[in-house]
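S.K.: sequence and predicted structure below; questions after.
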Amino acid sequence: MIRWFFLLVLCAGPAFSGPWLRDKGTAFTSTTVEISPADPARSAPFPPPYPIDAYTAVYGEYGLTPRLTLGFDGGSDTYGNGTGLLFLRFPLREGKTARMAGEIALGARWSLTELTPLLRPGASWGRGLTLFDKPGWAALDATVLIPGDGGRMVPKLDATLGLDTGERMKVMLGLTVERPAPTLSASVAFRAWDKVHLTVGIKIRGDRSRPDCLTLGFWQTF
């Protein structure tokens, strides 16, 4: 139990993070919905429009070449606020057990009244591993979100630990470090059909002004 708690504190992030590139001509997509109780403060002075707040995240990757992956990373919440970024990932170093990759992303952040261009450079490290005699992986992703309107830059660090516990199930544990406080996460992915996984998890936020949430989603490879 102590060992699992230690891993939860050290590692986090989504299963698709890390420096691994897609094979040429192959693709991966992920859709995740984060569900939390409605926050009356966000819709004040009116009551919340829905009993829950939901944020829908969409992620995709496509292997353009053996050394270049094109992707999309974005999402939107119940109130019409969202972000969308197109990125390119490329290798920086490929070792026997670990590898590094760089990434550059361009896009925008929007609300009902504003549209702000965004630049997001980043780098990632990852490696495969064996834990409790099971195959798995670990990854670190560092990014800096740079608003085009001169606003505050937002650095972010995601750490990910994943474990294949059997032919049909993967377990992910994680930590995201960014302003205003870190977020712990844990999720399980079940292989429902060939190349399709269903996911369920939780996020525990260190910033108590943002509620903890339940996550539901699915992955698909092509």
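M.R.: Sure thing, it's come through.

S.K.: drop to CA atoms for contacts and neighbour counts, all remaining ones
M.R.: OK.

S.K.: give me the helix or strand of the chain that scores worst on average pLDDT.
M.R.: Lowest mean confidence among the helices and strands of the chain (mean pLDDT, DSSP states H and E): helix 2-10, at a mean of 35.

S.K.: what's next to the helix or strand following that helix, contact-wise?
M.R.: Next helix or strand after helix 2-10 toward the C-terminus (DSSP states H and E): strand 27-37. With contacts defined as CA atoms under 8 Å, 6 or more residues apart in numbering, strand 27-37 is touched by 51-63, 211-222.

S.K.: swap the cut-off to 6 Å and go again
M.R.: Strand 27-37 is contacted by residues 52-62, 213-222 when judged by CA atoms under 6 Å, 6 or more residues apart in numbering.

S.K.: how many other residues sit next to the residue nearest to A57 when sequence neighbours are not counted?
M.R.: Distance criterion CA to CA, 6 or more residues apart in numbering; nearest residue to A57, sequence neighbours excluded, is G75 at 4.1 Å. Other residues near G75 come to 19 when the count uses other CA atoms under 10 Å.

S.K.: what bridges to G75?
M.R.: A57, T83 (DSSP bridges).

S.K.: show me the residues around it that make contact.
M.R.: Contacts of G75 (CA under 6 Å, 6+ apart): 56-58, 82-83.

S.K.: so for it, what's the pLDDT?
M.R.: Reported pLDDT at G75 in the predicted model: 95.
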